[in-house]
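Participant: fold the following, please.
(chains A, B and C)
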Amino acid sequence: MSEQRNGHVRIGVYICHCGANIADTVDVKAVAEYAATLPGVVISREYKYMCSDPGQELIQKDIEEHAINRVVVAACSPTLHENTFRGAAERAGLNPFFVQMVNIREHDSWVHSDREAATVKAKDLVRAAVMRVYFHKPLEKRRVPIHPEVLVVGGGIAGIHAALTVANSGKRVYLVEREPTIGGHMAQYDKTFPTLDCAACILTPKMSAVRAHPNITLWTYSEVVSVDGSVGDYKVVVKRKPRYVHEDLCVGCLQCIETCVYKDSKFDDEFNLGLSKRKPIYIPFAQATPKVVVIDPDACIQLKTGKCKKSCMEACVERGAIDFAQKETYEEIHVGSIIIATGFQTFDPRRMPQYGYGKYPNVYNTLEVERLVNASGPTSGQVITRDGRVPKSVGIVLCVGSRDENTNRWCSRVCCMTSLKLAHLIKEHTGAEVYIFYIDMRAAGKGYEEFYQRVLNEGVHFIRGRVAEITDWALDPSEAGKLVARVEDTNTGFVRRIPLDMVVLAVGLEPQPDAHEVQRMFGISCSLDGFFLEKHPKLAPAPTYTDGIFIAGLCHGPKDIPDTVMQAGYAAAEAIALADTGFFELEPNTAYVVEEECSGCKTCVPLCPYQAVTFNEEKQKAFINEVLCKGCGTCVAACPSGSIKQNLFEDEEIYSEIEGVLAYA
Amino acid sequence: MEDRPVSDKLSTSVQWEPIIVAFFCNWCTYTAADLAGVARMGYDPNVRVIRVMCSGRVDPQFVLDAFAHGADGVLIGGCHPGDCHYVEGNYKTLRRYHLLRRLLRDLGIEEQRLRLEWIAASEGEKVSKTINEMVEQVRALGPLRLSRRFKEWDAELASLEAEAQSEEVVAHV
Amino acid sequence: MEPSAKYLYYPGCSLKGTGIAYEESLLTTFRLLELPIKELPDWNCCGATNYMSVSETSATLLAARNLALARQTGSRDLLAPCNACYLTLRKSQELVAHYPKIAHEVEQFLEQAGLPRLDSVRVRHVLEVLYTDVGVERLRELTVRRLQGVRMASYYGCQAVRPYGEVDDPHEPTRMDQILKAVGVDVVEYNLKTKCCGGALTGTIHDVGVRLNYILLKEAMRQGAQAIVTICPLCQFNLDAYQAEIRKQTGEPIDMPIFYLTQIVGWALGGDVRELGLHRAISGKKLIEQWFTVKKEAETYV
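Facilitator: Have a look, this model is predicted:
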């Protein structure tokens, strides 16, 4: 303990009541009185709300009037208010890193009910902080510059809206989309609830705007393959898959598709979920953006065997856009921040075999029916079952893969409204009797409940009960040739059998199948349900724990289109703010080598995942590049001679904490 | 160190309560413990959390030091494999953990007194479950009380030294 | 105790009575598969439905005695071929595990009876043993004759797959189909695999019980099945015994053999008609004669 550095330590301890949040469980007065007896403590106070202005002023005043030079605040988690109290110290002229927080709310009062034990714990934790703060050093925050460019991953409505917002602020945006076109799931929907706006009519202008925007670089049929660096400077590598068509040369005349040697379309059309067919060379849908054809290498004869007469090339001979030799390419970009908007997948109802999806042709999922009712869909908007009939009775089963212990526990939020919309559309298209089997109708949103009432008045039958099974065996002649939904009608208390011509499963929403790989690549976290985790569920629902990375849309959790657009705009605003600030302040928790003590063993060198530790052959000493160091402390723990130190987490600070929490053990 | 005041429940010899020192990484487990707090997922009050940026910062000496100062158990919490905020710090932790358990065995400290658990930021429930399990387990093992045993050994050593010295004195006379 | 067999066989009341053919075919099949099996000595009633609905504790005590006896023999696997026995024994294990009050009573009772504590005995069903311990591929290899061109529907009854789902998937059970296909039977699609056979209703509210059987038989016919294969003695009995009555009531020409899975597997493995109890059938006698006895020379040997 160097006398010189710490000779005049004067510690102030502040215990927060947090209203009743802490004070109800922890005897704050006793803790404050106890803290006053600890060595080095000059002032010990308790106050109702330390984070309030008067609370902060209390600290500032003590620093100014009582020459306090170390501050311990026992309150909530440092993740919430560390910056608040550092700021208070700084305003009073004290280096902000002389502040140490003690978490007696999340880690104490909120998880314990025994007042006595909670108070003892609070004392232990406060003592540890007092002993720790003794060793704190003045530090400077590190500033890193921010590249103004922004990467948006995913070209659904969330990615489109975020990209346009950032681009409109004058910054360069890279929009990367895995599919050959942007548009995402929204492009597949027919109408949108509750206004019944045509989804394509409101989406396609935004898609065109993306294409036309001078600040947006659009890379479709591309995927991010690696992400390095950190906030301000992310180095991102994007793989551009070969579409065997030069994007800059194709004008979307579609002649090539017509002349393809396949006279008939015979490959499942992904956009229409296999309800229609396409050729090996195709365009996903009429308003695809960019309007550039793509060749499916698993279907194209030339790409599979090399023995095709290549009539598509002949059709395009003037422009020469088709190029079977095209290879994948890689683009490397540097961006300051990243917005992830990678979307969702729908629940595969085959996981609930009792509903017969995949077994009975007339059992559909909601997305398929969106295509069926769509005028540009596989049946030109006619609702016809797979066996060619116009259904007279249609049942919509809610919560398939939602609110279910066996599959997904969460509510997928949009299925109730989607089902109401589809019920309305099916009735409008076919005049069929429509049954909605629901557990609860959740119509919370602007105009949603009103829409529910409208559909109720249109004569759709609502049966409250979870469908047990869909079968095709008839108990009496009225059921012959039909599907039968067996359901307990919990409003009447009877088990009912309802014969149907068509069954629609309102499938829940799930994280993308590769969400975990994406999460790891970008260094963010997932919630228990597998969707990406936001920094704070209330106050920071687009930032993540990784600075400079934001999430938007359904990759974060089920939500409807307006909520998606709002979150995308919020993520964009955060990215713009970051770029406009121009710099980001990092915690000064980097590691450094005390050269005199380094023995040159090189243990630390291979441990650093950021190559921040190098070895100076001349001096025979390790060297840590502070710019590259992210402050994990792994090398510090490994150094056999103790010559690597970490700011904010010095050995002596942690040893004091250990000793502090155990002083009574 | 001074003795714990009588009013403090944990020290009254009537019923011994284990003390667990926990090292939680900032990004996953510490956040999960915050979440457990926000969601009021209660657990035993026997644990004292020390925050580090990464479980990779946990020097094996921290663990030994905690035992030496009277901890009955030590819990290390890090991100799940592959989820480390610093790419691979938790792998280093895992390697050290295995070696450390062997060392503890050689020192006569039950291996179960040290536990490493991967707890993601969203796993508040796991924090509560892990802590309760560990408290239960350490309670079953009984007190380690290395710090007191050190005192006893020191006293023993001192008396032996004194004895030896007095003998020396006698010899000199 | 003498050295334990791998499988300890718990017959329950049915397999010694109406379901005797199940016992015969089970023991024959296990003999042909060279699986060691031994009857649980001194077993008692499993505690099935009637007891369970009157008093869970008393029913559990009955089941617990059997489980404790099994534990005493040192065998780990207690084989209960009857669905009702299987479920009652399994359920009593769960009750003991989750209800301390019942557990306490069981403990006291076993202590008084001088029996060991319940521990480490697995209650197994024949289907599960055939599927997981023997395996579909092994059964295919061991098959010596195939009932070529015969179409059957597999029927589980209500108790085998619910609520525990250990015998097969509760929503879409397919293991029996896989086994039947492996031993050379054509299996038809049958959606009523776990629907009610009427259970004891055939004895109490006869009309309802018979109607439920009619639904099962009719759907099997609609799907083109010539026979139904079961794994429960009560299902087998209900489906087998009332076909004449159903014919009279509905005028439909229903006359369909109802087999035990072990009869079909045992036959495929080379078992004899009598030792498989095939001669005991009530319905579909003609088909049984045609398939299993008369044209012995026409059997397809593999």
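
Participant: alpha carbons only for contacts and neighbour counts from here, please
Facilitator: OK.

Participant: number of residues surrounding the nearest residue to A:Val661 once chain neighbours are set aside?
Facilitator: Leaving aside its chain neighbours, A:Val661 sits nearest to A:Asp124 (4.7 Å; criterion: Cα to Cα, 6 or more residues apart in numbering or on different chains). Counted by other Cα atoms under 10 Å in any protein chain shown, the residues lying close to A:Asp124 total 22.

Participant: quick one, what contacts A:Asp124?
Facilitator: Contacts for A:Asp124 were tallied using Cα atoms under 8 Å, 6 or more residues apart in numbering or on different chains; they are A:Gly660, A:Val661, A:Leu662, A:Ala663, B:Arg48.

Participant: centre of the chain to the host helix or strand of it, how far?
Facilitator: Assessed by DSSP states H and E, A:Asp124 sits inside helix A:115-133. Distance of helix A:115-133 from the chain centroid (Cα atoms, centre = their mean, to the nearest Å) equals 37 Å.

Participant: send me it as CSV with only the CA atoms.
Facilitator: Provided in CSV are the C-alpha atoms of helix A:115-133 (Å, rounded to 0.1, in the frame of the first residue of the first chain):
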residue,chain,number,x,y,z
ARG,A,115,-34.1,-8.4,7.1
GLU,A,116,-31.3,-9.4,9.5
ALA,A,117,-29.4,-11.5,7.0
ALA,A,118,-29.9,-8.8,4.3
THR,A,119,-28.5,-6.1,6.5
VAL,A,120,-25.5,-8.2,7.4
LYS,A,121,-24.9,-8.8,3.7
ALA,A,122,-25.2,-5.1,2.9
LYS,A,123,-22.6,-4.4,5.6
ASP,A,124,-20.3,-7.0,4.2
LEU,A,125,-20.6,-5.6,0.7
VAL,A,126,-20.2,-2.0,1.9
ARG,A,127,-17.1,-3.0,3.8
ALA,A,128,-15.7,-4.6,0.7
ALA,A,129,-16.2,-1.5,-1.3
VAL,A,130,-14.7,0.7,1.3
MET,A,131,-11.6,-1.5,1.5
ARG,A,132,-11.5,-1.6,-2.3
VAL,A,133,-12.0,2.1,-3.0
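
Participant: quick one, helices of chain B?
Facilitator: B:29-38, B:60-68, B:89-106, B:124-141, B:146-172 (DSSP state H).

Participant: closest to A:Cys635 out of those?
Facilitator: With respect to A:Cys635, and counting by Cα to Cα, the nearest of the helices of chain B is helix B:89-106 at 9.4 Å.

Participant: below-threshold pLDDT in chain B: ranges please.
Facilitator: B:1-14, B:171-173 (pLDDT under 70).

Participant: tell me how many other residues crowd the nearest residue to A:Trp410 once chain neighbours are set aside.
Facilitator: Nearest residue to A:Trp410, sequence neighbours excluded (Cα to Cα, 6+ apart): A:Arg403, at 5.1 Å. Using other Cα under 10 Å, A:Arg403 has 16 other residues around it.

Participant: do A:Val236 as well
Facilitator: Using other Cα under 10 Å, A:Val236 has 20 neighbouring residues.

Participant: give the rounded mean pLDDT of the helix or strand hosting A:Tyr435.
Facilitator: Taking DSSP H and E as the definition, one finds A:Tyr435 inside strand A:433-438. Mean per-residue pLDDT for strand A:433-438: 98.

Participant: extract the C-alpha trace of it and format it as CSV.
Facilitator: Output in CSV follows, covering the C-alpha atoms of strand A:433-438 (Å, rounded to 0.1, in the frame of the first residue of the first chain):
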residue,chain,number,x,y,z
GLU,A,433,-68.5,-20.3,-42.5
VAL,A,434,-65.3,-19.4,-40.5
TYR,A,435,-64.5,-20.7,-37.1
ILE,A,436,-61.8,-19.2,-34.9
PHE,A,437,-60.6,-21.5,-32.1
TYR,A,438,-58.8,-19.4,-29.5
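
Participant: sheet partners, orientation included, of it?
Facilitator: Sheet pairing of strand A:433-438 (DSSP bridges) gives strand A:393-400 (parallel), strand A:461-464 (parallel).
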